[in-house]
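> Sharing a model that was predicted from the sequence below.
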Amino acid sequence: MRLPIERDPKCPFDPPPALLGLPPMSRLEFADGHLGWLATTHEAARTVLGDPRFSARQELKHAAVRSTAPGGAGRPAPPGFFAATDPPEHTRYRRLLTGQFTVRRMRVLEPRIERIAADHLDAMAAAGPPAELVTAYALPIPSMVICELLGVPYEDHDFFQDRSLQLVTLGGDVARATADLAAYLGELVRRKRAEPGDDLISGLTGELTDEELANVAMILLVAGHETTANMLALGVFALLEDGRPYQEDAVEELLRWLSILHLGAPSRAALEDVEVAGVLVRQGETVALSLPMINRDPGVFEDPDALRPDRPEARKHLGFGHGVHQCLGQQLARIEMRIGYRALFERFPGLRLAVPATEVPLKHDAAAYGVKSLPVTWS
């Protein structure tokens, strides 16, 4: 099979219908013709993500849909692109960055995130209904937070948001976007070396080369706002459609139920023959993961297609990955979503869609699923 990328517009929160009923491991034809595998169960995914016999190295993997990785598929990742490396190289970068994303440090950021959310809600209220929630609220919050954390000037947000979108969109100008961001962040790194501040980039200037640090910053900048912005907007859409008020513990269930990484990511390449869920994955074969199916595995999640904000097993989802590559910024993302949802629904308890649900434009052409815009109104 080929990987379907579109969800049913009548059921925009459910996995693509073509994936329903697949066995734990299915043969998948990749974009370049490579014949690999698609994992669709929780157990198979944990095996692939947690077993060191599977590699995250970019040059060993085939892209399920189309490679957006800087440097291109088949070539080693540039220095600093730690997400596309294996230990011990990955371990070195991970050790340097882990201290920047501790639970304690993320909690220190909570008052600032609350202030950012409140400021944007004030602006929405002043302008009056309706509002377009993506640009007015969902995108600015994580963008401002990651900028302050990294030391990136927020006044340049139009530039890096556009280039980030090119990186994660099918058909985007990946080469140009990568080059532009590398040049921009390379110059910023050089300025931080000359005049360091109280930010992540400045704190790592003594540990990494300019190229490494610019590429580390690129990963964190793109991932730090693109995925969370999609979750904020799509989560609001889901809650409004579900017709129930927001609950404080709904974040994990929304992460499970929505599973916004939907284009076969993440993926791993077998370094040797490995048996997974009863099939033999040969050395050199790539295994892609279907998170929308994995996070609705009926063997792990009771009544998996139902949105249940108080679901006790919701934290078993693999939205942030598993193993040594588990998302560094997951605690920050959780805090941003928890604050973002709560503040929005407390401020506008009568929030509702301003257009029929079928008219909300969906992102079928990006690595992270979401809405392109979300018109809302309130009483």
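Nice, I can see it.
> What segments of the stretch 151-300 of the chain are helices?
All helices of the stretch 151-300 of the chain, identified by DSSP state H, counting those that start in this stretch, fall at 157-168, 174-194, 200-203, 210-242, 251-258, 291-294.
> got CSV for those helices, with mean pLDDT too?
Shown next, in CSV, are the helices of the stretch 151-300 of the chain (pLDDT from 0 to 100):
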stretch, mean pLDDT
helix 157-168, 89
helix 174-194, 94
helix 200-203, 94
helix 210-242, 94
helix 251-258, 97
helix 291-294, 95
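> and these as JSON lines, adding distance to A277?
The way it works is simple: take the backbone N, C-alpha and C, and place the C-beta from them, glycine included. Output for the helices of the stretch 151-300 of the chain, formatted as JSON lines (distance: least, C-beta to C-beta, whole Å):
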{"stretch": "helix 157-168", "distance to A277": "29"}
{"stretch": "helix 174-194", "distance to A277": "33"}
{"stretch": "helix 200-203", "distance to A277": "39"}
{"stretch": "helix 210-242", "distance to A277": "27"}
{"stretch": "helix 251-258", "distance to A277": "20"}
{"stretch": "helix 291-294", "distance to A277": "12"}
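> JSON lines for the ones you listed, including mean neighbour count and distance to Y369?
Formatted as JSON lines, the helices of the stretch 151-300 of the chain follow (neighbours: other C-beta atoms under 10 Å; distance: least, C-beta to C-beta, whole Å):
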{"stretch": "helix 157-168", "mean neighbour count": "18", "distance to Y369": "11"}
{"stretch": "helix 174-194", "mean neighbour count": "17", "distance to Y369": "19"}
{"stretch": "helix 200-203", "mean neighbour count": "20", "distance to Y369": "28"}
{"stretch": "helix 210-242", "mean neighbour count": "23", "distance to Y369": "7"}
{"stretch": "helix 251-258", "mean neighbour count": "25", "distance to Y369": "7"}
{"stretch": "helix 291-294", "mean neighbour count": "25", "distance to Y369": "8"}
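> Tell me which of the ones you listed lies nearest to P17.
Within the helices of the stretch 151-300 of the chain, the stretch nearest P17 is helix 291-294; the backing value is 11.1 Å (C-beta to C-beta).
> other SSEs contacting the closest one?
If you count contacts as 3 or more C-beta pairs under 8 Å, 6 or more residues apart in numbering; DSSP states H and E, helix 291-294 packs onto helix 42-50.
> List the buried residues of the helix it packs on.
By neighbour count on 16 or more other C-beta atoms under 10 Å, the buried set for helix 42-50 is H42, A44, A45, R46, T47, V48, L49.
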